[in-house]
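Asker: Got a predicted structure here, sequence first:
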Amino acid sequence: MIMKLIARNREIEELRRLYKSKRSEFVVVYGRRRIGKTFLVNQVFQDEFTFTYVGARKQPPQVQLQRFARQLQEFSKSPYVPTLNSWEEAFEELKALIKMKPAKERKVIFFDEMPWIDTPRSSFVDALEYFWNAWAAQRTDILFIACGSATSWMVNKLVKNQGGLHNRITAQIYLRPFNLCESEQFLHEYGCRWDRYTILQCYMTLGGVPFYLSLLNPRESLAQNIDRLFFQKNAAMKEEFDELFNALFSQADKYIDVVKTLASKRQGMIRAEIIEKTKLSGGGLSKILENLERCDFIETYSKFKSSVRNTVYRISDPYTLFYFKFVHNNNSKDEHYWSSNINTPMIRSWQGFSFETICLSHLAQIKNALGISGISSNSCSWRKLGGEDDGAQIDLLIDRSDRVINVCEMKFSEKPYSITKLYADALRLKMAVFAEATRIHKTLALTMVTTYGILPGIHSGIVQNEVIMDDLFEQA
């Protein structure tokens, strides 16, 4: 099957705009591993490359330079492989290759996995700075694309470079995981014609990472796919988490410790709680949290009418939540573990929590469904510690400038959700506790976000607004 680009129209248009530019462009393309960065660039430019090079992980400078030399030979069609002793010499040879090309031709230079090239004492970044500042930026015909999965390196060494590349990056393209709409497009394009309820459950497991979705077999059920990918012997995804974090971050163990800690508490944690659990603090913890958010593993949420220090950090990546709940430290030898447990309370409870997480990451779709996307608003959470009668928690409040607050409840169900008297009473109590504790003078609108809507009944009138699963599949 010929692969095609799905749901990257904005990124494609930006790359094509940069290709048509009348000046030299230095473009940074970044995003987490398996997200489709290389595929995007290769599909857009195909046979238009003047030169490409892929960095090699954990290889010394001399090995990298030897491979670079062979690429120079291939693209120049020379019978000789140049001898390279430094990256400065490598860029001089690259300049010679570019000069061979017709003057009116756009020269597309693609360095993939650039963070892996920058080995200790290689002086790669220094050579790159000199190549760009002293030569390439003075021309009008070069499109230089730097790509890499190690997001922290891409941002710190290129985007936020304080040395010779400061303010030299002319464009940034960050690839995020697919949302539900884009995941549906991807799956349908490649023959997986599942309904939205099944795709939603799939998203709870794999998230919106294109490579993970490409591993699904349309001829198998979702449960069979999960067993094959995670629980069978030599399963393709069993070791993916450690490989992912080691590819993205130096000192990956500290990053894993933080996400493992956050995954243990469904409501998320404030910074003080993370410090207490991980023993990490200061600038080191700030850097970890910042990089995890950049890579779409966590999101931050403000607490209603609370200070910045009470910002809540919460896992936003469905795959990470699934991994720590069911794969990490799973000693079961059952190769059909998922199929065997699919209807257990444990998995039902996890699905409910995962659905909440997906709703929070599809906030734009929720606002569109409510018809409030054009109204200024602040999304936050709220929690009041206390006993059975005065404790309460709301995972999503949409505090609007038109003096209305949507109090959102999120429920995952395989059929229309029935509101019982007990649940209706609990909702009334929660809203009353919130109103009293915050002394808010705005209208509270109870909003239910469910899969198939609310079943009409004697207690359903408590709900002012509804958002259903189909709304989450809209493209915001």
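Answerer: Structure received.

Asker: in the stretch 151-300 of the chain, which spans are strands?
Answerer: In the stretch 151-300 of the chain, the strands defined using DSSP state E, counting those that start in this stretch lie at 171-174, 269-270, 298-303.

Asker: Residues contacting the next helix or strand after the longest one, please?
Answerer: This points to strand 298-303. Counting by DSSP states H and E, the next helix or strand C-terminal to strand 298-303 is strand 312-315. With contact meaning C-beta atoms under 8 Å, 6 or more residues apart in numbering, strand 312-315 is reached by 259, 262-263, 267-271, 274, 289, 297-303, 321, 357, 360, 381. In this view, the C-beta of every residue, glycine as well, is placed from N, C-alpha and C.

Asker: Partner strands of strand 312-315, with direction?
Answerer: Within its sheet, strand 312-315 is paired with strand 269-270 (antiparallel), strand 298-303 (antiparallel), according to DSSP bridges.

Asker: and it, C-alpha only, in PDB?
Answerer: Below are the C-alpha coordinates for strand 312-315, written out as PDB (Å, rounded to 0.1, in the frame of the first residue of the first chain):
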ATOM      1  CA  VAL A 312      -2.000  21.100  38.200                       C
ATOM      2  CA  TYR A 313       0.200  18.900  36.000                       C
ATOM      3  CA  ARG A 314      -1.600  15.900  34.500                       C
ATOM      4  CA  ILE A 315      -0.800  13.200  32.000                       C
END
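
Asker: chain center to that strand, what's the gap?
Answerer: How far strand 312-315 lies from its chain's middle: 14 Å, per C-alpha atoms, centre = their mean, to the nearest Å.

Asker: Show me where this structure dips below the pLDDT cut-off.
Answerer: 1-3, 386-390 (pLDDT under 70).

Asker: Domain boundaries for it, per the record?
Answerer: Residue ranges for each domain of the chain read 9-174, 181-357, 368-472, as given by automatic domain parsing.

Asker: first vs last residue of the shortest one, how far apart are they?
Answerer: Domain 368-472 has an end-to-end distance of 9 Å (criterion: C-alpha to C-alpha, to the nearest Å).

Asker: do the first one as well
Answerer: This stretch, domain 9-174, spans 13 Å end to end (C-alpha to C-alpha).

Asker: returning to that earlier point: please name whichever of the strands of the stretch 151-300 of the chain is nearest to Ile109.
Answerer: Taking C-beta to C-beta, strand 171-174 is the member of these nearest to Ile109, at 14.3 Å.

Asker: what does the closest one rub up against?
Answerer: Glu11, Glu14, Leu15, Leu18, Glu25, Phe26, Val27, Val28, Val29, Tyr30, Gly31, Val159.

Asker: May I ask which of those has the most neighbours?
Answerer: Tyr30 (26 neighbours; other C-beta atoms under 10 Å).
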